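*Asks:* what's the 3D shape of this:
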Amino acid sequence: MSKVYFKRVVDKNHKSLSEAALQLMTTLIEADNHKFDGTVPIKVHFGEKGNKTYVPSECYEGVIDFLKSNDIPSAYIETNVLYRGARTTAESHKQIAVDHGFTQLPVIIADGDHGEAFDEIEINKDFFKSCKIGKSFGDYRQFIVMSHFKGHGMAGFGGAMKQLSMGFAARGGKMAQHAGINPVVKATRCIACGLCIKKCDVDAIEMRHDSGKEAAFIDHDKCVGCAGCIAVCPVGAIFSDWSGEHFKEKVAEYAYGAQLGKDNLYITYLINVTPECDCMGQHMDTIAADIGVFASKDPVAIDTACLDMLQKESGQSLFDDGRVSIKHAVKIGFGSDEYELIEI
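*Replies:* Got it, this is the predicted structure:
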């Protein structure tokens with residue numbers, strides 16, 4: 001049975017949330033006799049442009065100050081997104097980090113400028129034999145994975161497991177989870193600029209005439225699914241099919257792959273509970289009261305604890321379909337859905 005530590009914070013005060021995260025982390029370190037070794041990046045979500053309900057950077061300052069005071073080098077670490085937006089490339093992603101106040105630490109975009117840099121991590125599970133994980137994650141043995149627990153249209157909820165699965169995956173890994181197929185070109189929108197051809201490292205793209213119009217064409221027999229072409233297309237003519245089956249199970253398997261060989265701490269904020277994730281670049285109303293901050297060494301247990309408490313205190317079965325990911329995670333030997341909740 002895994003231990004999950006909890007501190008109630010309901011006042012929406014960033015300092016209170018920061019202090020709670022620090023207290024929980026130090027409690028977890030002492031209880032587990034956790035030792036930091038080398039540089040310890042903090043995995044966060046900077047929030048999409050236009051989103052206002054992501055966890056503000058001030059909420060991480062207690063953890064950051066602890067690392068600095070103990071001479072533990074750190075950085076924020078993230079990966080580029082699959083869809084077209086302000087976080088599609090490393091340059092624009094880093095700018096969003098600055099715009100949203102994440103300036104306390106250097107920023108590492110783990111999968112390169114356009115999501116092309118990754119390592120294949122072998123897992124041999126039901127849906128994936130290996131996972132495409134952002135290359136820079138391989139440089140470190142430990143991470144502090146700090147998550148925001150909220151809804152997600154496909155996953156049911158986003159928490160620690162999704163921070164591992166989507167957050168550690170390179171663009172091709174994100175595509176594999178969402179669909180497991182290659183990108184396609186909308187010929188009527190393509191301007192035949194050739195940027196996608198230059199970007200493709202496996203010569204899977206060529207120009208063809210389609211209905212009298214020249215447009216890019218992707219050979220799916222050659223395509224490796226890195227999705228770099230999506231990032232560089234200036235007119236959004238290349239896109240993914242978001243209707244992939246078994247998405248929740250795939251999230252669990254990629255989360256498993258992301259943490260293999262790592263010694264992570266997990267801290268999750270159960271605040272600003274919205275129906276969709278922080279990737280939504282728009283205003284969203286909250287649908288439940290703030291509850292507090294959680295910490296654990298087990299990402300499956302911390303997600304289960306957050307979901308259980310949210311449902312209990314809201315009196316609603318919010319995000320219950322996300323239990324599919326939890327069930328699959330337990331099946332493949334990744335964490336436990338049985339936990340001891342210890343309130344601080």
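*Asks:* farthest residue from the center of the chain?
*Replies:* Gly212 (41.5 Å; Cα atoms, centre = their mean).
*Asks:* now it: how far from Ile205?
*Replies:* Distance of Gly212 to Ile205, computed by Cβ to Cβ, to the nearest Å: 20 Å. (Each C-beta comes from the backbone N, C-alpha and C, glycine too.)
*Asks:* list the contacts for Arg8?
*Replies:* 291-292, 343 (Cβ atoms under 8 Å, 6 or more residues apart in numbering).
*Asks:* I should have written Leu164 there, sorry.
*Replies:* 145, 254-255, 258-259, 299.
*Asks:* so which pair among those is furthest apart in space?
*Replies:* Maximum pairwise distance among these (Cβ to Cβ): 13.7 Å, between Val145 and Tyr254.
*Asks:* Between the two, point out the one with more neighbours.
*Replies:* Tyr254 (30 against 26; other Cβ atoms under 10 Å).
*Asks:* For that one, give me the pLDDT.
*Replies:* Tyr254 is assigned a predicted lDDT (pLDDT) of 97.
*Asks:* where's it, which helix or strand?
*Replies:* helix 247-259 (DSSP states H and E).
*Asks:* Point out the other helices and strands that that helix packs with.
*Replies:* strand 130-134, helix 160-168, helix 171-178, helix 323-331 (3 or more Cβ pairs under 8 Å, 6 or more residues apart in numbering; DSSP states H and E).
*Asks:* Leu28 is nearest to which of these?
*Replies:* Per Cβ to Cβ, nearest to Leu28 of the helices and strands packed on helix 247-259: helix 160-168, 13.3 Å.
*Asks:* picking that back up, so which of the helices and strands packed on helix 247-259 is the most surrounded?
*Replies:* helix 160-168 (a mean of 28; mean count of other Cβ atoms under 10 Å).
*Asks:* got the angle between that one and helix 247-259?
*Replies:* 70 degrees (axes from the mean of the first three to the mean of the last three Cα atoms, to 10 degrees).
*Asks:* Helix 160-168 to strand 130-134, inter-axis angle?
*Replies:* Using the same axes, to 10 degrees: helix 160-168 against strand 130-134 is 70 degrees.
*Asks:* ok, back up a step: other residues contacting the helix holding Tyr254?
*Replies:* Here helix 247-259 has contacts from 121, 123, 125-128, 130-131, 133, 137, 154-156, 160-162, 164-169, 173, 176-178, 180, 244, 299, 321-322, 324-326, 328-329, 332-334, using Cβ under 8 Å, 6+ apart.
*Asks:* Let me see the ranges of the strands in the stretch 1-150 of the chain.
*Replies:* For the stretch 1-150 of the chain, the strands defined by DSSP state E, counting those that start in this stretch cover 2-8, 42-43, 76-78, 107-109, 118-122, 130-134, 144-148, 150-152.
*Asks:* Give me the buried positions along the fifth one.
*Replies:* This points to strand 118-122. Neighbour counts using 16 or more other Cβ atoms under 10 Å place 118-119, 121 of strand 118-122 among the buried residues.
*Asks:* okay, the strands of the stretch 1-150 of the chain in JSON lines with distance to Gln23 and mean pLDDT next?
*Replies:* Output for the strands of the stretch 1-150 of the chain, formatted as JSON lines (distance: least, Cβ to Cβ, whole Å; pLDDT from 0 to 100):
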{"stretch": "strand 2-8", "distance to Gln23": "6", "mean pLDDT": "98"}
{"stretch": "strand 42-43", "distance to Gln23": "17", "mean pLDDT": "98"}
{"stretch": "strand 76-78", "distance to Gln23": "21", "mean pLDDT": "97"}
{"stretch": "strand 107-109", "distance to Gln23": "26", "mean pLDDT": "96"}
{"stretch": "strand 118-122", "distance to Gln23": "33", "mean pLDDT": "96"}
{"stretch": "strand 130-134", "distance to Gln23": "30", "mean pLDDT": "96"}
{"stretch": "strand 144-148", "distance to Gln23": "14", "mean pLDDT": "98"}
{"stretch": "strand 150-152", "distance to Gln23": "23", "mean pLDDT": "93"}
